[in-house]
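Engineer: Predicted model, plus sequence, below.
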Amino acid sequence: MERTYAWHKYDENTLQEVFALGDSYREFLDNGKTERECVVQSVAAAEAKGYVDLRDIIKSNTPIKAGDKIYYTHMDKSIALFNIGTDDIELGMNILGAHIDAPRIDVKQNPQYEDSNLLFWDTHYYGGIKKYQWVAMPLAIHGVVVKTDGTRIEVNIGDNENDPVFCITDLLPHLGQEQMQKKAANVIEGESLDLLIGSQPKKGEEKEGVSKFINELLEKQYGFVEKDLLSAELEIVPAGKARDMGFDRSMIIAYGQDDRVCSYTSLVAMLEVDTVKRTTCCLLVDKEEIGSVGATGMQSRFFENAVAEILTLMGKPNSVSVRRTLENSRMLSSDVSAGYDPLYASAYEKKNASFLGMGVVFNKFTGSRGKSGSNDANAEYMGFIRRVMEANDVTYQTAELGRVDLGGGGTIAYIMALYGMNVIDCGVAVLSMHAPWEVTSKADIYETKRCYVAFLTADDETI
Ligand code: MN
Ligand code: MN
């Protein structure tokens, strides 16, 4: 089947837009290396566009009507935005849903130990990573430390150019003969992913001198003590900014593009669309990389609860209205796809792979071993999607994650499908997915944003 290369259709003005979106996206990545940082940015952007906190609306018991713009955060790690349309909300919403968590390395609750005058923090990795990719590179620490009195200390060390960075060491090749014989999965063991955080002892202290020195420094400089790590969420992420890639600057290399590339484009599309017939919604959620579990993951009821609150303030305080609204909704599960990589050609089936520069990717299904665990979108919905994309001249492609029986993956699509709504996976093709530095094409980012705008504004009369 013929495919089109998005770059060919751009005139000078459009090219400027493509690159400008790439610039603002890089900024979003640099300011959002954790789910919490992404929520902070999303709230600021939403408020600047007139969005109001649902909790304030509930408190003042203000009726909700068409044209209202509302956001709802949950535990500072997930956010839902709503733009109330003129249609009856029970006819359904147009929903974009992406995730703002990314694979990384988390600091354990009791992490600190000193060995041979080196001070380490022990870790437990989060999400699917190739552990050998995370050693011998500069790392940053982002997150929060919460003290027993409830004070929350924001931690963000390693991304300002004057900050120190951290590192997980690797063995020198000279002594690596045994290590190099191991399987890639075991070259670096999970328990060896320990972060080196200091080496200077407190003056005159022979025993645990480095620990004492760093503990005093932490208290003085950051306001917490070692024991406070018991109630901390510290995420170790690659240090450094997102960068333009290639002589032509056509690509972006950055940490966390799965799935902040779809989160950012979803957010931009959501805030760009002003007056709507069908209510629009943008969901940015946590915990997708570990199965969408927990209070802030998609399996949590927080989204359904927010919809119920909104419907109550619209004069529909009953669960049937909530069910109708959700079942009649349609959704793009905005998540990344595995871009075809000629260096690893055998992992893909080329007719059903996504290619960089060929636009937004639709995955009718994900899953593994016979589509297991997948939300398989139906042909009718796929037909609808094609109609919306073609009416809006969006360059799109369809793909599977890779060769049949090789592996697989999942998204939040199947969870939203539990409400009986139409859902399909849709996002940007990524190279080196889940690596510390992932690669995307600026043309795909641009087409994905256009796709999301087209989807949000699709109402039943215009399509
Ligand atoms: Mn993802
Ligand atoms: Mn992922």
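Structural biologist: Yes, it's here. Ligands and ions are numbered 1, 2, ... in the order given.

Engineer: From now on I want contacts and neighbour counts done on CA atoms only, so please keep to that.
Structural biologist: Fine.

Engineer: those helices in the stretch 1-150 of the chain, which residues are they?
Structural biologist: Using DSSP state H, counting those that start in this stretch, the helices found in the stretch 1-150 of the chain span residues 12-30, 35-48, 54-60.

Engineer: Identify whichever of those helices lies nearest to ligand 1.
Structural biologist: helix 35-48 (13.1 Å; Cα to the ion).

Engineer: Show me the contact partners of the closest one.
Structural biologist: 28, 31-32, 71, 73, 76-79, 100-101, 143, 267, 271, 286 (Cα atoms under 8 Å, 6 or more residues apart in numbering).

Engineer: Sort out for me which of these are in strands.
Structural biologist: 71, 73, 78-79, 143 (DSSP state E).

Engineer: quick check, nearest of these to E349?
Structural biologist: S78 (34.9 Å; Cα to Cα).

Engineer: What sits closest to the closest one if chain neighbours are left out?
Structural biologist: Across the structure, with Cα to Cα, 6 or more residues apart in numbering as the measure, the residue nearest S78 apart from its sequence neighbours is V285 (4.4 Å).

Engineer: List the buried residues of stretch 209-219.
Structural biologist: Within stretch 209-219, the residues scored as buried using 16 or more other Cα atoms under 10 Å are 209-216.

Engineer: Show me which residues of the stretch 301-450 of the chain are close to ligand 1?
Structural biologist: Residues of the stretch 301-450 of the chain lying near ligand 1 by Cα under 5 Å from the ion: D335.

Engineer: so which of the helices of the stretch 1-150 of the chain comes closest to Q133?
Structural biologist: helix 12-30 (20.1 Å).

Engineer: where along the stretch 351-463 of the chain do the strands fall?
Structural biologist: With DSSP state E, counting those that start in this stretch as the criterion, the stretch 351-463 of the chain has strands at 360-363, 367-368, 396-398, 408-409, 422-427, 429-430, 438-441.

Engineer: Please, which helix or strand holds the residue lying farthest from the centre of the chain?
Structural biologist: What lies farthest from the middle of the chain is G204; by Cα atoms, centre = their mean that is 46.7 Å. If you go by DSSP states H and E, G204 is not part of any helix or strand.

Engineer: For it, report the pLDDT, please.
Structural biologist: pLDDT recorded at G204 is 95.

Engineer: what does E12 give?
Structural biologist: 98.

Engineer: residues touching it, list them.
Structural biologist: So E12 contacts nothing (Cα under 8 Å, 6+ apart).

Engineer: Which strand in this structure has the most residues?
Structural biologist: Max-length strand for the chain by DSSP E is strand 104-115.

Engineer: Show me which parts of that strand are buried, residue by residue.
Structural biologist: 104-112, 114.

Engineer: likewise stretch 178-195?
Structural biologist: 187-188, 190, 192-195.

Engineer: burial count for the residue of the stretch 1-150 of the chain found nearest ligand 1?
Structural biologist: The nearest approach of the stretch 1-150 of the chain to ligand 1 comes at H99, 6.6 Å away (Cα to the ion). By other Cα atoms under 10 Å, 31 other residues sit near H99.

Engineer: what's across from it in the sheet?
Structural biologist: Assessed by DSSP bridges, H99 has beta-bridge partners V285.

Engineer: 152 is where my numbering starts, stick with that
Structural biologist: Understood, numbering begins at 152; the last thing we discussed is H250.

Engineer: R554 versus that one, what's the distance?
Structural biologist: 25 Å (Cα to Cα, to the nearest Å).

Engineer: re earlier: give me the distance from the longest strand of the chain to the chain's centre.
Structural biologist: Relative to its parent chain, strand 255-266 has a centroid offset of 24 Å by Cα atoms, centre = their mean, to the nearest Å.

Engineer: How about stretch 286-305?
Structural biologist: 19 Å.

Engineer: now swap in stretch 342-360 and tell me
Structural biologist: 34 Å.

Engineer: What is the end-to-end distance of it?
Structural biologist: End to end - Cα to Cα - stretch 342-360 spans 24 Å.

Engineer: And for stretch 296-314?
Structural biologist: 19 Å.

Engineer: In the stretch 402-551 of the chain, what residue spans correspond to helices?
Structural biologist: So, for the stretch 402-551 of the chain - with DSSP H, counting those that start in this stretch - the helices run 408-423, 453-464, 470-478, 530-542.

Engineer: so of those, which one's packed in deepest?
Structural biologist: Mean neighbour count, computed with mean count of other Cα atoms under 10 Å, is highest for helix 408-423 among the helices of the stretch 402-551 of the chain, reaching a mean of 26.

Engineer: what does it rub up against?
Structural biologist: For helix 408-423, using Cα under 8 Å, 6+ apart, the contacting residues are 176, 179-180, 193, 197, 200, 247-253, 431-433, 435, 485-487, 578-579, 581, 584-585, 589-591, 596, 599-601, 603-604, 607.

Engineer: PyMOL command to pick out the buried ones of those?
Structural biologist: Only the buried members of the contacts of helix 408-423 enter the following PyMOL selection, criterion being 16+ other Cα under 10 Å:
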select buried, resi 176+179+180+193+197+247+248+249+250+251+252+253+431+432+433+435+485+486+487+578+579+581+584+585+589+590+591+596+599+600+601+603+604+607
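
Engineer: right, and F375 touches V296 too?
Structural biologist: Yes. Between F375 and V296 there is a contact under Cα atoms under 8 Å: 7.5 Å.

Engineer: picking that back up, for the buried residues of strand 255-266, give me TSV that also has distance to ligand 1.
Structural biologist: TSV is the format used below for these (distance: Cα to the ion, whole Å):
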residue	distance to ligand 1
R255	13
I256	17
D257	18
V258	22
K259	24
Q260	26
N261	29
P262	28
Q263	31
E265	36
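
Engineer: which is the next helix or strand following the helix or strand hosting V388?
Structural biologist: When secondary structure is defined by DSSP H and E, V388 falls within strand 383-389. Going down the chain from strand 383-389, the next helix or strand is strand 394-396, by DSSP H and E.

Engineer: Okay, now the sheet partners of that following strand, with direction.
Structural biologist: strand 402-405 (antiparallel).

Engineer: What average pLDDT does the partner strand get?
Structural biologist: On average, strand 402-405 scores 98.

Engineer: So what's the gap between that strand and the chain middle?
Structural biologist: Worked out by Cα atoms, centre = their mean, strand 402-405 lies 15 Å from the chain centre.

Engineer: got the contact list for that strand?
Structural biologist: With Cα under 8 Å, 6+ apart, strand 402-405 has contacts from 173, 177, 180, 392-396, 587-593.

Engineer: And stretch 200-209, by the same measure?
Structural biologist: Outside stretch 200-209, the residues touching it (Cα under 8 Å, 6+ apart) are 214, 219-223, 422, 460-461, 464.

Engineer: Quick one: low-confidence residue ranges for the protein.
Structural biologist: Scanning the chain with the threshold set as pLDDT under 70 gives 613-614.

Engineer: On the three-state scheme, K378 is what?
Structural biologist: helix (DSSP: H, G, I helix; E, B strand; the rest coil).

Engineer: what sits against it?
Structural biologist: So K378 contacts nothing (Cα under 8 Å, 6+ apart).

Engineer: With Q260 instead?
Structural biologist: So Q260 contacts 380-383 (Cα under 8 Å, 6+ apart).
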